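A.B. asks: could you look at this predicted model? Sequence included:
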Amino acid sequence: MNAEQGSAGNVIAAICSFLYPGLGQLVQGRPIAALIHFLLATVLWFILLGWIMHIISTLDAAWYSRRGKY
């Protein structure tokens, strides 16, 4: 998926990350970032702060801009 800031791909990724932290990053082709977001959200939900990672993950997916465009 072609992910540029403000693109439809970023909107879809942001929605995915809002539903499940890390899913949007995975849709954008960033598996390491996806794993980090997922793990942090899982850990933070044990202390009832997982909603913070939902917001951070959503914003990260929405604002992602691929560097080194062709």
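C.D. replies: Perfect, I can see it now.
A.B. asks: neighbours of Pro21, how many?
C.D. replies: 30 (other CB atoms under 10 Å). Every residue, glycine included, has its C-beta placed from N, CA and C.
A.B. asks: please disregard the earlier target; I meant Ala41.
C.D. replies: For Ala41, the number of neighbouring residues by other CB under 10 Å comes to 21.
A.B. asks: tell me the contacts of it?
C.D. replies: Applying CB atoms under 8 Å, 6 or more residues apart in numbering to Ala41 gives the contacts Pro21, Gly22, Gly50, Met53, His54, Ser57.
A.B. asks: farthest-separated two in the residues you listed?
C.D. replies: Gly22 and Gly50 (11.8 Å; CB to CB).
A.B. asks: the more surrounded of these two?
C.D. replies: Gly22 (25 against 15).
A.B. asks: I'd assumed His54 was in contact with that one.
C.D. replies: No - using CB atoms under 8 Å, Gly22 is not in contact with His54, being 10.3 Å away.
A.B. asks: if I look at Phe46, how far off is Leu40?
C.D. replies: 11 Å (CB to CB, to the nearest Å).
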